[in-house]
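**Q** Just the structure for this:
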Amino acid sequence: MEPDLNPYHPGSGIAPRVLAGRESDLAAFDSLIARTKLSVPVRPIVYSGLRGVGKTVLLNRLRSLAEHHQFAVIQFEARPGAGGPEASRRALASGFVRISGRYRMQVSTARIKQMLSTVTSFSLSVGIEGLSLGVDRDPSRASSGLLDLDLQDSVEDISLALRHERSALVIFIDEMQELDEELLESLLTVQHYAMQRELPFYIIGTGLPNLPAKLTEARSYAERLFEYRIIGELDDDAARESLTGPAGQMGQSYSSEALEALIKETGNYPYFLQEFGSAMWTVATASPFSVQNAQAAVALGRARLDSGFFPARWERATPSERAYMSAMATDGDRESRSADISQRLDKSAQALAPMRASLISKGIIYSPQRGYVAFTVPGMADFIDRQRRLLED
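**A** Numbering: from 1, shown residues only. Alright, predicted model coming up:
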């Protein structure tokens, strides 16, 4: 097939031509939009799942829907490390300035003037200097120096202005589990406050499978604050559509045998579907794609994953961390008990704690529940097993 016309898009956060199997997740957000316009209370939404299942793609689609309905949106990715907290706060402050700045010509309206003054105060409180919204800061709003209170004032005044237009303020946060403790707790507090007062403000978050538990640890009421939706592998029909849809748009098709061979190899994971679909497009010379083409595509797809997707994680681990991961791989893609890992490596849990913490900080593993760990990407255990066999050969 012509390489330049390849309709599959493997990559981080790159939208596929066909977003199959996420209809119910999109419908949940459509309902949030509809209920907001009717001034009917509705819970915000948190989507969680492994890496490679399309959470970022879904979040971007939801943001587009919100913008289409004239909602005010802020979107950012939470980052670990020393610079993460400041980056998140600046993303919020700059978003508030951008949204409120649209109303500068209406400064004679009391609620608009209040919003502009409060946002000016909040921006200064997080260290953004030199902005001008045409009003002085309000020393009584967003000026306490306490993040939760200052954030609450800003969200409230923006939301009150937007409610007048049957609009809403929506903050989209990718990798939400990486938020620093202070900001995470503050955002949950403000979301809780907004729901009690029926303000049109929503946090829409995505993150790893441990995100719901992390939110509840931060604020116990978070278990009731959000609608939680799990984003996982696709069902068989949606997986088939993810492969046949893009090919069909280009006038090409799969034989049933070739299609099933690729479906089996991908495990119905969206990223793998794009990678193996792209490989099929590369190796096939005629349509419908044959089972022989599928065999070649599987070999190419595996080679691509083993040269980029998996090594990007494996090579970031130290030798001792790789030993820890190898001990986990014994359990396949299932959760591993920390006690079992200790036994396999003949080391105490205390001795292994630094490796475990480092792997979690690098985003290679996560803790789905106390005493357990799991890989953040599907197929990692199989890759480690392939690496082991290569060394043995």
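
**Q** Can you report how many residues lie near Glu23?
**A** Applying other CB atoms under 10 Å, we find 11 residues neighbouring Glu23. From N, CA and C alone the C-beta is placed, and that goes for glycine too.

**Q** does the most far-flung residue of the chain relative to its centre sit in a helix, a strand or a coil?
**A** Note on the chain: the largest C-alpha distance from the chain mean falls to Ser108, namely 39.8 Å (CA atoms, centre = their mean). Recorded secondary structure, Ser108: coil (DSSP: H, G, I helix; E, B strand; the rest coil).

**Q** Can you give me the distance of it to Gly134?
**A** The gap separating Ser108 from Gly134 is 11 Å, by CB to CB, to the nearest Å.

**Q** since we're on Arg61, how many residues are nearby?
**A** By other CB under 10 Å, the residues close to Arg61 number 17.

**Q** these two touch, right, Pro200 and Thr36?
**A** Yes: counting by CB atoms under 8 Å, Pro200 touches Thr36, with 5.3 Å between them.

**Q** Now do the shared contacts for those two.
**A** Shared contacts of Pro200 and Thr36 (CB atoms under 8 Å, 6 or more residues apart in numbering): Ser167, Ala168.

**Q** can you give me the helices for the stretch 151-300 of the chain?
**A** Ranges of helices within the stretch 151-300 of the chain are 181-196, 211-218, 222-225, 236-249, 256-266, 270-283, 291-304, based on DSSP state H, counting those that start in this stretch.

**Q** Indicate which one of these is closest to Ser338.
**A** Minimum separation from Ser338 across the helices of the stretch 151-300 of the chain (CB to CB) falls at helix 211-218, 16.0 Å.

**Q** could you give the mean pLDDT of that closest one?
**A** Across helix 211-218, the average pLDDT comes to 95.

**Q** between that helix and helix 181-196, how many degrees?
**A** 90 degrees (axes from the mean of the first three to the mean of the last three CA atoms, to 10 degrees).

**Q** mind listing what's buried in helix 211-218?
**A** Neighbour counts over helix 211-218 (16 or more other CB atoms under 10 Å) mark Leu211, Pro212, Ala213, Lys214, Leu215, Thr216, Ala218 as buried.

**Q** where does the stretch 101-250 of the chain have low pLDDT?
**A** Filtered on pLDDT under 70, the stretch 101-250 of the chain yields the residue ranges 130.

**Q** Recalculate using a threshold of 90.
**A** Scanning the stretch 101-250 of the chain with the threshold set as pLDDT under 90 gives 103-108, 124-138, 164.
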